[in-house]
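Engineer: sequence and computational prediction follow.
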Amino acid sequence: MAPPADLPQGHPDNIERPELLPDPSLSRAEMESLQRELAATATFADDHGIDPAVVAIDEPADLTDGLPDARQETLPGTHPNTGDPDAPVVVGIDQAFLTPDDGEDRAVSAAVAIRDGVVIEYASAITPLSIPYIPGLLAFREGEPILAALDALDAEPDLLVCDGSGRIHFREAGIATHVGVLLDVPSVGVAKSLLCGVPDESTDERPAGWRTPIRADGSVETAGSAGDAPVIGHAFQSRQYPNSRRVNPLYVSPGHRVSPATTVELVEALCAGYKLPEPTRIADAYADAVKRDAVRA
DNA sequence: GCGACAG
DNA sequence: ATCTTGTCGC
C-alpha cells in the first residue's frame, strides 16, 4: 500500500518500498538477493547538497560529565558552531545490547540529531533481536531496531551516519546503504574494521587526515569483471597520537546518495578530535546511557 | 576443503 | 557487540 502522503520525506513511516525492509524472518538466500536489489537501487554518487564545511563540528562534546543537553535555541556565537537552525540535520546512530538475561536478546538503538554542531534531539528504542550477528547480514539484525529509533525521532535527517559499512560490503549493500535507501535519505557508513575490499596503500601508522581508497576485491560480488576494481570506500585516519600508541583508521563508505570522496570529507568534517565522528561518538554514549537505565529497571 | 568476515 | 582494572605515555 502507498505510504501516507502527509509525512515528510525521510520519515521512517514513509517507506516507499516495504519489500526492501530488513525482515529478519527471511531466508539467508532471500536476504542476499534483497541486498543485490538494494545495491541496484542505491546511488553511490552525490545527490544531497550538503557542504561538508557547513556541517563541520569544531568542538568535541564533553562526555565526562554526562551527555550534552538537547537544545533547539541558537547558542551565542563564540564558536563556529552556534546551532544554526538552517543548517542540515545530521543524525548519528548506534546500538548497545542487552544480554539474553530473560532468554531474549534486545537491542538498544540510539539516534542523536545534530544541527550545526549542537545536539537538538535524542531518541531511542529498545526492541527484540531475532537473529544473531552474521557478517554481511548485519542490517537484518539491527535494521529494524534502528528504524524504530528513527521513528521516535521528530527531527528530519538530512544525513544519516551509521555505525558499520555501506558500500564496503559483499553485495555493496551494508547497513548504511540499507537504511539510506529505505528512507531515501543520504547516508554514510563508518566502520572500525574492514569487512571486505583492499586498501590501495598500507594503513599502518598513518598521520591524522590521511586516507586511501578501498577497492572491491574478489569477495565483492559486483566487482567489475574488468581489471578496474571500483573504489567502494576509504580508510581514513581520523586521529593519531604524536608518539606512542597507534590508532587504527576508520573505514568509511557511501550508504546512499553520497560519493566515496564526499563520504570521507563529511566524516572528516564531523570529527572533532576523537577517533569517531561526533554524531557516532555521542550516539554511542547515549546508547550506553539508555542501556544503563534499562538494566537498572 | 580452507580462509575471511561490519556490530 | 560484550565481559572489565590498571596502566603506559603525552
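Structural biologist: All right, it came through fine.

Engineer: next one: phi and psi at residue A:281?
Structural biologist: Per-residue torsions, residue A:281: phi -60, psi -40 (degrees, to the nearest 10).

Engineer: next up, the contacts around it.
Structural biologist: A:60-61, A:63, A:92, A:274 (Cβ atoms under 8 Å, 6 or more residues apart in numbering). (Glycine included, C-beta is placed from N, CA and C.)

Engineer: which of the three states applies to the closest residue to residue A:170 other than its chain neighbours?
Structural biologist: Closest residue in space to residue A:170, ignoring its immediate chain neighbours: residue A:136 at 4.9 Å, by Cβ to Cβ, 6 or more residues apart in numbering. Per DSSP: H, G, I helix; E, B strand; the rest coil, the secondary structure class of residue A:136 is coil.

Engineer: what's the burial count for residue A:19?
Structural biologist: By other Cβ atoms under 10 Å, the residues close to residue A:19 number 8.

Engineer: could you find the closest non-adjacent residue to residue A:130?
Structural biologist: Spatial nearest neighbour of residue A:130, chain neighbours left out: residue A:24 (4.1 Å); criterion: Cβ to Cβ, 6+ apart.

Engineer: that neighbour: what's it in contact with?
Structural biologist: A:130-131, A:140-141, A:144.

Engineer: which of these has the most neighbours?
Structural biologist: residue A:140 (25 neighbours).

Engineer: for chain A, just list every one of the helices.
Structural biologist: Taking DSSP state H as the criterion, chain A carries its helices at A:28-41, A:52-55, A:138-151, A:175-183, A:260-270, A:278-295.

Engineer: contacts for the fourth one, please.
Structural biologist: Here helix A:175-183 makes contact (Cβ under 8 Å, 6+ apart) with A:10-12, A:14-15, A:17, A:20-22, A:35, A:38-39, A:41-42, A:93, A:138-139, A:142-143, A:146-147, A:150, A:157, A:160, A:162, A:164-167, A:169, A:186-189, A:253-257.

Engineer: so where's the stretch 1-150 of chain A uncertain?
Structural biologist: A:1-14, A:77-79, A:102 (pLDDT under 70).

Engineer: for DNA strand C, what is the nearest residue in it?
Structural biologist: Nearest to DNA strand C, among the residues of the stretch 1-150 of chain A, is residue A:96, at 3.5 Å (Cβ to the nearest atom of the strand).

Engineer: surely that residue is in contact with residue A:286?
Structural biologist: No. Using Cβ atoms under 8 Å, residue A:96 makes no contact with residue A:286, being 9.1 Å away.

Engineer: now do the shared contacts for the two.
Structural biologist: Joint contacts of residue A:96 and residue A:286 (Cβ under 8 Å, 6+ apart) are residue A:110.

Engineer: circling back: pick out the most distant pair among the contacts of residue A:24.
Structural biologist: Farthest pair in the contacts of residue A:24 (Cβ to Cβ) is A:131 and A:144. Separation: 10.3 Å.

Engineer: follow-up on the earlier one: can you tell me which of the contacts of residue A:281 has the most neighbours?
Structural biologist: In terms of neighbour count, residue A:92 stands highest of the contacts of residue A:281 at 28 neighbours, by other Cβ under 10 Å.

Engineer: does it touch residue A:285 like I think?
Structural biologist: No. With contacts counted by Cβ under 8 Å, residue A:92 stays clear of residue A:285, the gap being 10.3 Å.

Engineer: what parts of the stretch 1-150 of chain A come near DNA strand B?
Structural biologist: Residues of the stretch 1-150 of chain A lying near DNA strand B by Cβ under 7 Å from any atom of the strand: A:94-95, A:133, A:135-139.

Engineer: and which of those is nearest to residue A:46?
Structural biologist: Among these, and counting by Cβ to Cβ, the member closest to residue A:46 is residue A:139, at 22.9 Å.
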